[in-house]
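[1] one predicted model, sequence on top.
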Amino acid sequence: MRKLWIVAQREFMERVRSRWFIVSTVLVPAFLGLVIFIPVYFVSRATPSTDMARITIIDASGSGIGARLAARLDGGVAGDTTARYVSVSPTAIAAAESTATHDVISGARKGYLVIGPLLWPKPQVRYAGSNATSTIDMSRLQRMVHDELIATRLRSAGMDPHQVDALTALDLQMPTERLTARGRGGSGEIGTIVAFVVAFMLYMTIFFYGQIVLRGVMEEKQTRVAETVVSSVRPDTLLFGKILGVGAVAGAQLAISALATVIIVRYRGPLFARFHIAAPTFAMPHVSAAMAGLLVLYFILGYIVYSALFAAIGSMVSSEQDAQQVQMPITMLLVITALFIQPVMFTPEGSLAEALSYIPFSSPIIMPLRLSLIPLPAWKVALSVAALVAGCWISVWIAARIYRTGLLMYGKRPSPREILRWVRASR
């Protein structure tokens, strides 16, 4: 145990004293601050294009909706520019669209809106233009078209036009709030964002520090330092010490990042005020001590699973090129798990999320994501942790046997059959 502590302490101090640790420890909180600040800053300043109304409206509905849309575009959204209104028959849409396309290509118009027959329940409406990828422009235009379609149907049903205008003039904003077993849990949107950030940070940290373990083992093997160390320390102890030492560095940086995030969120008001922006008002989701403990536990176990395998890979290879090839299966396990983050966010109670919560290679990322989104029964959490502990023990057991033999092997890269023989070898 004393030698294990010495190895872990050496790994920790060697990395903490480096300039890269200091730089990365400062940059991560700064990056988190930018992630919080920059999107809000640009969204607050984002406005529709000043020439958004410079479009052609091709109306084949026979209802006059195109003329009303042109008037609305000229009246408020687009400044001094004017929309061109063209009323055509359904059979003349193609010819009018060809002319409008030429105007867009020549730069005379930004785009054109085609309004076909107002069929129920799906009216034929589409847009094409140079600003079709502008989210703000398209969102405003789509909302205006939607309002006018509703108003047109109400008018066709015999309602008074002035009454129709009063009924359809509605600007709805619907905030969401999460309810948990402890009561109100803050904004639903913020809870989703926090859940995604938690999953992404776990993914990045496990991958990044697993790579550090791999590089450290490979460097010691290439420089023959390992030969000197293993003469006084058992390879298994060296492996565990390296994993623990690098893991302590990861934990320290995560703790600093979490503290910086809390400070930035708490004091966001003065920060946004310096740029003359109204600070967003939201309530951060409540994180209990049990929840925080589970997040830490999943990170530790997930880190051990992957770092042990990365250490085994580092002991097997003697060059950077070989390391890139051999580590690919382990890296793909992490990448595939990251690809499932968004589907699990959409359906955290689905069968896919349930299955991934019990697989040791995916549960360190997926289960904290689900726990941040929805309440889960204690038995499901216990089963997931038990499966992860079992996977952790298996990966460490396999890695220790590969590490013990591969650390002193040089030359060509071992074949899968040789690696299997190392694993089967007795102590």
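    Right, received. Where do you want to start?

[2] so the closest residue to L118 other than its chain neighbours, which of the three states?
    In space, and not counting its chain neighbours, L118 is closest to S61: 4.9 Å by C-beta to C-beta, 6 or more residues apart in numbering. Heads up, the C-betas are built off the backbone N, CA and C, glycines and all. Following DSSP: H, G, I helix; E, B strand; the rest coil, the label given to S61 is coil.

[3] could you report the neighbour count for S61?
    When neighbours are counted by other C-beta atoms under 10 Å, S61 registers 19.

[4] run through the residues that contact it.
    Contacts for S61 (C-beta atoms under 8 Å, 6 or more residues apart in numbering) come out as I115, G116, P117, L118, P123, T152.

[5] please apply the same query to M201.
    Residues near M201 by C-beta under 8 Å, 6+ apart: L254, S257.

[6] what comes up buried for the strand or helix carrying it?
    Per DSSP states H and E: M201 is located in helix 188-222. Within helix 188-222, the residues scored as buried using 16 or more other C-beta atoms under 10 Å are 190-196, 198-199, 201-203, 205-207, 209-214, 216-218, 220-221.

[7] what does stretch 239-257 give?
    Across stretch 239-257, burial judged by 16+ other C-beta under 10 Å covers 239-251, 253-254, 257.

[8] out of those residues, which is nearest to P414?
    P414 has its nearest neighbour among the buried residues of stretch 239-257 in L239, at 17.3 Å by C-beta to C-beta.

[9] mind listing what the closest one touches?
    So L239 contacts A308, A311, A399, A400, Y403 (C-beta under 8 Å, 6+ apart).

[10] following the chain onward from the helix or strand harbouring A312, which element is next?
    Using DSSP H and E, A312 sits within helix 289-316. Counting by DSSP H and E, the next helix or strand C-terminal to helix 289-316 is helix 320-326.

[11] buried residues in that next one, which are they?
    For helix 320-326, a neighbour-count test (16+ other C-beta under 10 Å) marks D322, A323, V326 as buried.

[12] what about the nearest residue to R84 once chain neighbours are set aside, how many residues nearby?
    Spatial nearest neighbour of R84, chain neighbours left out: T56 (4.5 Å); criterion: C-beta to C-beta, 6+ apart. Using other C-beta under 10 Å, T56 has 25 neighbouring residues.

[13] ok, back up a step: closest to L407 among the buried residues of stretch 239-257?
    Once C-beta to C-beta is applied, the member of the buried residues of stretch 239-257 that ends up nearest L407 is L239, at 8.6 Å.

[14] which of the three states applies to the closest one?
    Per three-state DSSP, L239 ends up helix.

[15] now do it, the pLDDT please.
    Here, the pLDDT recorded for L239 equals 76.

[16] same question, F361
    For F361, the model assigns a pLDDT of 90.

[17] so the residue nearest to it when sequence neighbours are not counted is in which element?
    Nearest in space to F361, with sequence neighbours left out and distances taken as C-beta to C-beta, 6+ apart, is L333 at 4.6 Å. Per DSSP H and E, L333 falls inside helix 328-339.

[18] pull the CA atoms of that helix into CSV?
    Extracted in CSV, the C-alpha atoms of helix 328-339 (Å, rounded to 0.1, in the frame of the first residue of the first chain):
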residue,chain,number,x,y,z
MET,A,328,-9.3,2.4,-31.9
PRO,A,329,-11.7,-0.2,-30.5
ILE,A,330,-11.6,1.4,-27.0
THR,A,331,-12.0,4.9,-28.4
MET,A,332,-15.0,3.8,-30.5
LEU,A,333,-16.7,2.5,-27.4
LEU,A,334,-16.6,6.1,-26.0
VAL,A,335,-17.5,7.7,-29.3
ILE,A,336,-20.5,5.5,-29.8
THR,A,337,-21.7,6.2,-26.3
ALA,A,338,-21.4,10.0,-27.0
LEU,A,339,-23.5,9.5,-30.1
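
[19] check which helices and strands that helix is in contact with.
    Secondary-structure packing of helix 328-339 (3 or more C-beta pairs under 8 Å, 6 or more residues apart in numbering; DSSP states H and E): helix 188-222, helix 289-316, helix 363-373.

[20] what residues are up against S130?
    Applying C-beta under 8 Å, 6+ apart, we find S130 in contact with V104, K110, G111.

[21] run a quick neighbour tally on the second one.
    Spelled out, it's K110. K110 has 23 neighbours, counted by other C-beta under 10 Å.

[22] can you check the pLDDT for the closest residue to it other than its chain neighbours?
    Excluding the flanking residues, the one nearest K110 by C-beta to C-beta, 6+ apart is R54, at 4.7 Å. Looking at R54, its pLDDT reads 82.

[23] ok, now how distant is R54 from V198?
    For R54, the distance to V198 equals 45 Å [C-beta to C-beta, to the nearest Å].

[24] looking at this, K122 is in a helix?
    No: counting by three-state DSSP, K122 falls outside a helix, being coil.

[25] mind checking how far the helix or strand where A248 lies is from the chain centre?
    Assigned by DSSP H and E, A248 belongs to helix 235-266. Distance of helix 235-266 from its chain centroid, counting by C-alpha atoms, centre = their mean, to the nearest Å, is 21 Å.

[26] swap in stretch 375-395?
    24 Å.

[27] how is this structure divided into domains?
    Annotated domains of the chain cover 2-37+186-424, 55-168 [automatic domain parsing].

[28] if we can go back for a sec, redo the contacts of S61 as JSON lines? Include pLDDT.
    Shown next, in JSON lines, are these (pLDDT from 0 to 100):
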{"residue": "I115", "pLDDT": "87"}
{"residue": "G116", "pLDDT": "83"}
{"residue": "P117", "pLDDT": "80"}
{"residue": "L118", "pLDDT": "75"}
{"residue": "P123", "pLDDT": "77"}
{"residue": "T152", "pLDDT": "78"}
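
[29] looking at those residues, which is nearest F299?
    Among the contacts of S61, P123 lies closest to F299 (C-beta to C-beta), at 50.7 Å.

[30] no more questions from me, cheers.
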